[in-house]
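Q: The sequence and its predicted three-dimensional model are supplied below.
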Amino acid sequence: MDDTRIQLPCPHCGATNRLPAARIDDAPSCGKCGQPLLQGQVLELSDANFDAVTGATQLPVVVDFWAAWCGPCQMMAPAFKQAAAQTQGRALMVKVNSDDNPGLSQRFGIRSIPTLVKLMNGHEVTRHSGALPARAIVSLAGR
């Protein structure tokens, strides 16, 4: 059994919560204030916790491979955040900084950013390179 933990900041009180990755679909609540942690928020994942989180969820996962220096990535960030709010409970929206996580970038063959990759049960089912508006990201999450 994988006991990898992820840290989720509470959007209500700011407390950092350590959550077993295997419980990501269990509608986790903050240990301090009791409010829901995943209210349509984007999760930042890394080489260290990516497989544990994406493998633990039964939800579709949309991964945004991005970098801080990338203009189109910065332009798409608000749309990705908006899409996360719209797909709450139906999809998990995650971001991976391709510069900080070269192992994942190499594994997924990321050659341009932003690149969105949709995973089901840990396996890639579709991808799109280039920035998208929120409605297109929501559509990608749903197909």
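A: Cool, got the structure.
Q: Report the buried residues of the longest helix along the chain.
A: With residue count as the measure and DSSP state H as the assignment, the chain has helix 71-86 as its longest helix. When burial is assessed from 16 or more other C-beta atoms under 10 Å, helix 71-86 yields the following buried residues: Cys73, Met76, Ala77, Ala79, Phe80, Lys81, Gln82, Ala83, Ala84, Gln86. Every C-beta, even on glycine, is put in place using the N, C-alpha and C of the backbone.
Q: chain center to that helix: distance?
A: Averaged C-alpha coordinates place helix 71-86 at 12 Å from its chain's average position (C-alpha atoms, centre = their mean, to the nearest Å).
Q: so can I have a markdown table of the buried residues of helix 71-86 showing distance to Phe65?
A: As requested, the buried residues of helix 71-86 are exported to a markdown table (distance: C-beta to C-beta, whole Å):
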| residue | distance to Phe65 |
| --- | --- |
| Cys73 | 9 |
| Met76 | 11 |
| Ala77 | 13 |
| Ala79 | 15 |
| Phe80 | 11 |
| Lys81 | 16 |
| Gln82 | 18 |
| Ala83 | 15 |
| Ala84 | 16 |
| Gln86 | 21 |
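Q: contacts for the longest helix of the chain?
A: With contacts defined as C-beta atoms under 8 Å, 6 or more residues apart in numbering, helix 71-86 is touched by 39-42, 62, 64, 66-68, 93, 95, 113-114, 130-134, 137-138, 141.
Q: Please save the CA atoms from it in PDB.
A: These are the backbone C-alpha positions of helix 71-86, laid out as PDB (Å, rounded to 0.1, in the frame of the first residue of the first chain):
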ATOM      1  CA  GLY A  71       4.100  33.400 -21.800                       C
ATOM      2  CA  PRO A  72       1.300  31.200 -23.200                       C
ATOM      3  CA  CYS A  73       1.500  29.200 -20.000                       C
ATOM      4  CA  GLN A  74       1.000  32.300 -17.900                       C
ATOM      5  CA  MET A  75      -1.900  33.400 -20.100                       C
ATOM      6  CA  MET A  76      -3.700  30.000 -19.800                       C
ATOM      7  CA  ALA A  77      -3.200  29.700 -16.000                       C
ATOM      8  CA  PRO A  78      -6.400  31.600 -15.100                       C
ATOM      9  CA  ALA A  79      -8.400  29.600 -17.600                       C
ATOM     10  CA  PHE A  80      -7.000  26.300 -16.100                       C
ATOM     11  CA  LYS A  81      -7.900  27.500 -12.600                       C
ATOM     12  CA  GLN A  82     -11.400  28.400 -13.900                       C
ATOM     13  CA  ALA A  83     -11.800  25.000 -15.500                       C
ATOM     14  CA  ALA A  84     -10.700  23.300 -12.200                       C
ATOM     15  CA  ALA A  85     -13.600  25.200 -10.400                       C
ATOM     16  CA  GLN A  86     -16.100  24.100 -13.100                       C
END
